[in-house]
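Participant: Need a 3D model of the following:
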Amino acid sequence: MSRRLWWLALAAALVAGGYALFQQYKIYLPGIISEWRRPIAANQPVTWASGPATRVATARRPPNVILIVADDLGINDISLDGGGVGGGAVKTPNIDALAAQGVNFTTAYAANATCSPSRAALMTGRYPTRYGFEFTAVPAVFAGAVAHSDQGNSPYPIIFHDELSKNVIDYPLQGVPASEITIAQLLKARGYHTLHIGKWHLGEADALAPHARGFDETLGFRSGGSKYLHQNDPASVNAKLPLDPIDRFLWPNLPYAVQFNNGQRFEPDRHMTDYLTDNALAAIEANRNRPFFLYLAYNAPHTPLQATQGDYDALPMIKDHTTRVYGAMIRQMDRRIGDVMTKLKSLGIDDDTLVIFTSDNGAAWYNGIPDLNKPYRGWKATFFEGGIRVPLLMRWPGKIAPATQSTTRASHLDMFATIAAVAGSPMPRDRVMDSNDVLAGIVPGTPPTTATGPLFWRSGEYRAVRDGDWKLQITARPEKAYLFNLAADPHERRNLASRDPARVAQLRAKIAAHNRGMAKPLWPGLIETPVRIDVPLNAPWSRDQAYIYWTN
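Facilitator: Now for the predicted structure:
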């Protein structure tokens, strides 16, 4: 070989090797670029603004409100009705106690089957589709990474709409428009000190961040999540999900960081669930003598799955490692919610505080753990009951009778009106509100709630409505209608669409009429992902399995 050919061969080998290395490690680039643009400092102390030194008791003083939201918690992840992770091995006594000491809304729904739109509804009391918040906010690079990932033996490909990518607004601007009124803004005008701790996911830009949307103080992460610890931290027990493209993206790119108010991002000094709770306890202490609203938004048990060693060791009866880590995360969150309740009692403000607990949507199929939404079908991203049925528990001693069971159909949309009512704040009158006070008739001296109309869900061409006992889902891929009578078939086992075409047509017309009042999405859904209704991601694929395509 001539010297010239030798150098050409060497150059080709180097280029090929460099390309191969780039392909292998390119998934790390988003995290590297993000940290370069927004550096993460070492741990910093957090000092919460103190309220009055003494409490001024007046007959007109409104109650405190604490809204606790778990992330991707399945309806069967709590042991309230005999459930619990690991076949009931993981007990949630502190979450269960909220129902035992207050009210359990047994027919409660998420506003959407994924987190961002659900949280938008919680904050605004309006269908997020009214103002274009239709899809979960994700960076375009994330959508592309998921779309081009290995799908194993799936017979249904992920569809990536590259032609729409030019219409995607910058990720930091994917949020609730500033024209919307948040519950924090409403309560702040009523004299509340408003606090946000944990996940936001409603806009990273400064103009859309919590401190600009009515919260006096905020500590957490504006994006969709954070690691719980560094993945190589000896205090962390990790469970990676090699089949899940979302999990493969999160481990190298999700930071371990929080931000206090509008300051620099910095590292917590302990497991995220403990860090958020400890700061919630400090914030409650600082505000014990004035009305406060605390939005405590845990990121547990969302992936990446990371438990503390102590909680993991407490569950030796669970043999599957992933299930054990997941269960340990829920055990930890339940214990820390108990600490919040203990703090209220120790400060003597227990009777003056309404505590609300819910989840943003059902448990995720990509965890690979069956039965998380049992007895319901479906997962996060589907409008089957497993994707949108959520726990909704409220505790207010002296106002809500213990062990109250309410069959009133409730929704995330209703949290706005419910909180506004207990705070004595009028509802906004300059816009359509989709929120009802679900404590009406439960709190003494309030008239019973009026009948509610249909509930709607939409994600691209996948749509659903519940009207009375009837529920219709329509999917474009595959083109199919699912009709269920939830009174007779609460677990959606018998599709009545072919037997009752007239009712299908009637409910389709209601969906169409509702959609005419909604806005165009502020950013498009770039990917369509197949999600099987009855099995998790790691189950073997076959073409006879029911599935839907979820757009995001």
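Participant: from here on, contacts and neighbour counts on C-alpha atoms
Facilitator: Will do.
Participant: those helices in the stretch 401-550 of the chain, which residues are they?
Facilitator: Secondary structure of the stretch 401-550 of the chain (DSSP state H, counting those that start in this stretch): helices at 414-423, 501-516.
Participant: Quick check: buried residues in the longest one?
Facilitator: Put plainly, it is helix 501-516. 503, 504, 507, 508, 510, 511, 515 (16 or more other C-alpha atoms under 10 Å).
Participant: next one: stretch 271-283
Facilitator: Neighbour-count burial for stretch 271-283 [16+ other C-alpha under 10 Å]: 271, 272, 273, 274, 275, 276, 277, 279, 280, 281, 282, 283.
Participant: For those residues, work out which two are farthest apart.
Facilitator: Maximum pairwise distance among these (C-alpha to C-alpha): 18.3 Å, between 271 and 283.
Participant: before we move on, back to that, so can I have TSV of the buried residues of helix 501-516 showing pLDDT?
Facilitator: Formatted as TSV, these follow (pLDDT from 0 to 100):
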residue	pLDDT
503	98
504	98
507	98
508	98
510	98
511	98
515	97
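Participant: thinking residue 85 is in contact with residue 76, fair?
Facilitator: Yes: using C-alpha atoms under 8 Å, residue 85 is in contact with residue 76, at 7.2 Å.
Participant: and for these two, which residues touch both?
Facilitator: residue 372 (C-alpha atoms under 8 Å, 6 or more residues apart in numbering).
Participant: so where's this structure uncertain?
Facilitator: Applying pLDDT under 70 to the chain flags the ranges 1-36, 57-59, 150-152, 450-451.
Participant: where do the helices sit along it?
Facilitator: Secondary structure of the chain (DSSP state H): helices at 3-25, 29-37, 85-88, 93-100, 115-124, 140-147, 183-189, 245-253, 272-286, 309-313, 321-346, 385-388, 414-423, 501-516.
Participant: Quick check: which of the ones you listed is nearest to residue 458?
Facilitator: helix 501-516 (8.7 Å).
Participant: would JSON lines of the helices of the stretch 401-550 of the chain with distance to residue 92 be doable?
Facilitator: Formatted as JSON lines, the helices of the stretch 401-550 of the chain follow (distance: least, C-alpha to C-alpha, whole Å):
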{"stretch": "helix 414-423", "distance to residue 92": "23"}
{"stretch": "helix 501-516", "distance to residue 92": "38"}
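Participant: Relative to residue 264, which of those is closest?
Facilitator: It is, among these and with distance given as C-alpha to C-alpha, helix 414-423, at 30.7 Å.
Participant: Contacts for that closest one next, please.
Facilitator: By C-alpha under 8 Å, 6+ apart, helix 414-423 touches 62-63, 65, 122-125, 183, 186-187, 190, 426-427, 434-439.
Participant: what separates it from the chain centre, distance-wise?
Facilitator: Distance, stretch centre to chain centre, for helix 414-423: 20 Å (C-alpha atoms, centre = their mean, to the nearest Å).
Participant: next one: stretch 472-479
Facilitator: That offset, for stretch 472-479, works out to 24 Å (C-alpha atoms, centre = their mean).
Participant: got the buried residues for it?
Facilitator: Here stretch 472-479 shows 472, 473, 474, 475 as buried, counting by 16+ other C-alpha under 10 Å.
Participant: Among the residues you listed, which one lies nearest to residue 405?
Facilitator: residue 472 (26.3 Å).
Participant: residues contacting the closest one?
Facilitator: Taking C-alpha under 8 Å, 6+ apart as the test, what residue 472 contacts is 464, 465, 466, 481, 482, 483, 484, 504, 507, 508.
Participant: so what's it bridging to?
Facilitator: Here residue 472 sits in beta bridges with residue 465, residue 483, as judged by DSSP bridges.
Participant: residue boundaries of the strands in the stretch 101-250 of the chain?
Facilitator: For the stretch 101-250 of the chain, the strands defined by DSSP state E, counting those that start in this stretch cover 103-105, 108-109, 159-160, 193-199, 217-221, 236-239.
Participant: can you list those in TSV and add distance to residue 493 and mean neighbour count?
Facilitator: Listed next are the strands of the stretch 101-250 of the chain as TSV, based on distance: least, C-alpha to C-alpha, whole Å; neighbours: other C-alpha atoms under 10 Å:
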stretch	distance to residue 493	mean neighbour count
strand 103-105	23	23
strand 108-109	19	26
strand 159-160	28	18
strand 193-199	35	25
strand 217-221	39	24
strand 236-239	32	22
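Participant: Compare those and give me the one nearest residue 454.
Facilitator: strand 108-109 (12.1 Å).
Participant: any residues touching that closest one, and which ones?
Facilitator: Counting by C-alpha under 8 Å, 6+ apart, 388, 389, 390, 391, 392, 409, 410, 411, 412 sit against strand 108-109.
Participant: wait, isn't residue 403 in contact with residue 101?
Facilitator: Yes: here residue 403 reaches residue 101: they are 5.7 Å apart, a contact under C-alpha under 8 Å.
Participant: which of the two has more neighbours?
Facilitator: Per other C-alpha atoms under 10 Å, whichever of residue 403 and residue 101 has more neighbours is residue 101, with 18 against 15.
Participant: for that one, what are its contacts?
Facilitator: So residue 101 contacts 395, 397, 401, 402, 403 (C-alpha under 8 Å, 6+ apart).
Participant: neighbours of the closest residue in space to residue 385 that isn't next to it in sequence, just the number please.
Facilitator: The shortest distance from residue 385 to any non-neighbouring residue, by C-alpha to C-alpha, 6 or more residues apart in numbering, is to residue 376 (5.7 Å). Residue 376 has 22 neighbours, counted by other C-alpha under 10 Å.
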